[in-house]
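Trainee: Give me the fold of what follows.
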Amino acid sequence: MLNATKAPSCLQNKSTMTPERRHVTQQSTVPNGIPPFDQGALNIPVILESFTGCSGVLSKYSQVRGRCAYLFCRFIKLLKSSVQPHRDLLLSKIEKIIEQVFVMDYMHLGANSFQKPPIGNEDSQFLFEAVGLLIQMCPPDSAPMMMASVLRPINQRIDQCAQQLMQISSGGAQKIFTQQVKDKAALLAQNFSDFVSFASRLSKAFQNSQAVEASGCVSCLVETLEYILKGLNVRQDAAAGDISLDCSNYSYIVHTAVKQYLHRMVICLPAHLILHYVKLTMQSLLHSVTSNAVTPNSKGQHGSSHGVAAAGLIEFIPLVNQVVARYKKQSAEMLDEIFVPVLQVFSMVALSGEEGGVDTTGVASLDDAATVAELRSQLKRSFFTFINTLLHNEAFEVITAKGQEVVWMVLTSVADGALHFPDPVTQKLCFSILKKFIEVSNEDSNNSDMKKFTLSNVVPACFQVCCAPSFNPRDAQSNMALMEAGSALKLAFDKYGDSVIDYLASTYLPSQNVSQDKINELTIALRAYDAKKFREFYKEWIIKLLG
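Mentor: Just a heads-up that it's a prediction; the model follows:
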């Protein structure tokens with residue numbers, strides 16, 4: 001089949017191989033012999049039949065089936081033009097294979113059977129990617145029909161899993177969750193996630209929304225998206241029982257699958273459609289997050305509830321960032337509706353217990369307390385990233401439109417992060433955000449609120465960052481944070497002029513017992529150096545000051 005003069009060494013001792021290994025080795029040699037097919041495609045039908053027959057993805061050996069799914073996808077990718085004449089025949093065969101093997105395997109699992117399907121999810125995905133490539137070759141009049149035919153059994157199974165999970169999750173705190181029910185919910189959630197990943201992999205052949213529109217498959221992807229969004233109705237509220245803080249609960253698995261598919265649809269669907277569905281998704285997820293943030297569990301404990309809320313928002317913010325970065329001002333309407341709820345959750349979860357560290361009242365164990373503390377730290381990082389995305393993607397007005405109180409809350413949170421967060425990378429991000437706030441502020445008055453905030457909060461933070469316990473002058477990331485603080489100080493001077501130097505020379509630095517010679521050295525550099533040179537100077541000045 002390879003037209004090779006000598007068989008590969010891995011095939012020369014077939015008698016010593018297991019049947020599974022022999023099948024895998026034979027199929028694996030096909031892609032290695034792909035170059036000769038550039039000269040003639042006479043053998044391609046035989047090879048495709050081998051891949052899609054009993055020696056390939058229909059093999060009785062699960063290892064062979066999984067390996068052949070990968071090799072078949074690779075074969076299609078490398079020989080798209082040669083495979084084109086066999087496209088329709090392949091699709092008709094694969095449609096049956098998907099329904100009989102990759103879908104029915106799941107449907108044959110009984111309600112009381114908690115075993116895994118015969119073929120792994122990762123292997124299965126390669127077959128769906130190959131199908132997507134074949135559908136992309138189809139003309140616009142037939143591609144939607146083929147796409148709908150492949151997605152139909154997937155949509156049905158997604159819907160079944162979501163409906164059963166909603167039945168399990170209904171009942172709240174009064175419902176008793178036996179181990180059997182928990183196992184069934186975990187299996188259904190994983191099956192839901194697997195089928196969503198199949199649909200996502202199917203769309204991988206389309207590189208952008210223009211390619212999807214050209215194929216005519218937009219409506220097919222939207223229909224599947226609507227089925228997948230039913231997963232947002234799966235709730236595992238904190239009041240319903242024990243919620244694991246390692247995010248292993250079934251609602252987390254389902255919601256993560258929904259968000260991952262949406263990440264893919266941001267690439268595939270036109271702006272007006274994806275913005276509509278992302279807004280609906282965000283509103284639903286925020287409702288779930290806020291419910292968990294304020295609802296105690298069955299033992300009256302709030303610590304785990306805070307952990308669930310933090311985990312939900314941590315997973316949710318990257319989707320927002322992707323949408324904002326892609327659509328910028330087009331996403332303003334959506335951001336206008338979700339910004340305040342995000343800020344409220346951040347305030348409830350990340351800032352609770354700030355005075356004395358983590359509020360561990362009602363937390364079941366010290367391990368739980370440590371986990372909640374880590375989740376709060378992750379939420380702060382996510383929130384700072386979210387604010388940074390808004391500022392750098394023409395969405396500053398979303399913050400300022402909410403009024404001075406909201407702006408002040410954001411600014412104080414970021415300034416606190418620049419000063420106290422035990423991670424120099426996040427501290428650097430916070431100083432970058434503060435710089436952007438100073439830069440885009442349109443207030444020119446000497447009595448402006450932004451100027452007052454800069455002098456009272458930003459300027460002191462630029463010096464106190466080196467006092468944080470995590471600061472290490474020998475650490476590159478700490479030095480980067482320190483230089484970013486220097487950039488913020490330089491920008492404050494460029495924006496507000498001598499009032500910054502007057503505050504430093506007459507008020508702040510003397511209160512920190514800095515010598516007059518050091519003060520003069522700093523103020524001269526502020527006036528004389530550009531931003532790049534001042535960054536380096538400031539780092540050396542601080543390190544020398546620390547001795």
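Trainee: going forward, measure contacts between C-alpha atoms and count neighbours the same way
Mentor: Will do.
Trainee: Is it correct that residue 224 is in contact with residue 149?
Mentor: No: contact between residue 224 and residue 149 fails when scored by CA atoms under 8 Å: they sit 11.8 Å apart.
Trainee: Look at the two and report which has more neighbours.
Mentor: Counting neighbours by other CA atoms under 10 Å for residue 224 and for residue 149 shows that residue 224 has the greater number, 22 against 14.
Trainee: Can you tell me the element that one falls in?
Mentor: Assigned by DSSP states H and E, residue 224 belongs to helix 218-228.
Trainee: Enumerate the positions of that helix that are buried.
Mentor: Neighbour-count burial for helix 218-228 flags 218, 220-222, 224-225, 227-228 (criterion: 16 or more other CA atoms under 10 Å).
Trainee: Turn the residues you listed into CSV, including pLDDT and distance to residue 526.
Mentor: As requested, the buried residues of helix 218-228 are exported to CSV (pLDDT from 0 to 100; distance: CA to CA, whole Å):
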residue, pLDDT, distance to residue 526
218, 95, 56
220, 95, 60
221, 96, 56
222, 96, 56
224, 96, 58
225, 96, 55
227, 96, 59
228, 95, 56
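Trainee: which residues does residue 458 contact?
Mentor: Contact analysis of residue 458 by CA atoms under 8 Å, 6 or more residues apart in numbering lists 415, 434, 488-489.
Trainee: just the residues you listed now: which is nearest residue 90?
Mentor: residue 434 (57.1 Å; CA to CA).
Trainee: Can I get the buried residues of helix 218-228 in JSON lines including distance to residue 374?
Mentor: Below are those laid out as JSON lines (distance: CA to CA, whole Å):
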{"residue": "218", "distance to residue 374": "41"}
{"residue": "220", "distance to residue 374": "41"}
{"residue": "221", "distance to residue 374": "37"}
{"residue": "222", "distance to residue 374": "37"}
{"residue": "224", "distance to residue 374": "36"}
{"residue": "225", "distance to residue 374": "33"}
{"residue": "227", "distance to residue 374": "34"}
{"residue": "228", "distance to residue 374": "30"}
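Trainee: so which of the residues you listed comes closest to residue 399?
Mentor: For the buried residues of helix 218-228, the nearest to residue 399 is residue 225 (30.2 Å; CA to CA).
Trainee: And whichever helix or strand comes after the helix holding residue 224, what's buried?
Mentor: Note on helix 218-228: by DSSP H and E, the next helix or strand toward the C-terminus is helix 250-268. Applying a neighbour-count criterion of 16+ other CA under 10 Å, one finds 250-263, 265-268 buried in helix 250-268.
Trainee: any idea which residue sits dead centre in this structure?
Mentor: Centroid-nearest residue in the chain, with CA atoms, centre = their mean: residue 318, separated by 4.7 Å.
Trainee: Let me see the contact set for it.
Mentor: 382, 386.
Trainee: which SSE is it in?
Mentor: Residue 318 belongs to helix 303-327 when elements are defined using DSSP H and E.
Trainee: helices or strands up against the helix or strand harbouring residue 544?
Mentor: If you go by DSSP H and E, residue 544 is part of helix 531-546. Here helix 531-546 touches helix 476-496, helix 516-528, going by 3 or more CA pairs under 8 Å, 6 or more residues apart in numbering; DSSP states H and E.
Trainee: List the contacts of the longest one.
Mentor: Translated: helix 476-496. Under CA under 8 Å, 6+ apart, the answer for helix 476-496 is 424-425, 427-428, 431-432, 434-435, 438-439, 446, 451, 454, 458-459, 461-463, 465-466, 471-473, 499-501, 526, 531-532, 534-536, 538-539.
Trainee: Check the shortest one too.
Mentor: Contacts of helix 516-528 from elsewhere in the structure, counted by CA under 8 Å, 6+ apart, are 490, 493, 501, 504-505, 509-510, 534, 537-538, 541.
Trainee: before we move on, what about stretch 128-147?
Mentor: Contact with stretch 128-147 is made by 72-74, 76-77, 84, 87, 91, 94, 198-199, 201-206, 214-217, 220, as judged by CA under 8 Å, 6+ apart.
Trainee: a markdown table for the helices and strands packed on helix 531-546, including mean neighbour count and distance to residue 287?
Mentor: Formatted as a markdown table, the helices and strands packed on helix 531-546 follow (neighbours: other CA atoms under 10 Å; distance: least, CA to CA, whole Å):
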| stretch | mean neighbour count | distance to residue 287 |
| --- | --- | --- |
| helix 476-496 | 22 | 36 |
| helix 516-528 | 15 | 48 |
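Trainee: Much appreciated, bye for now.
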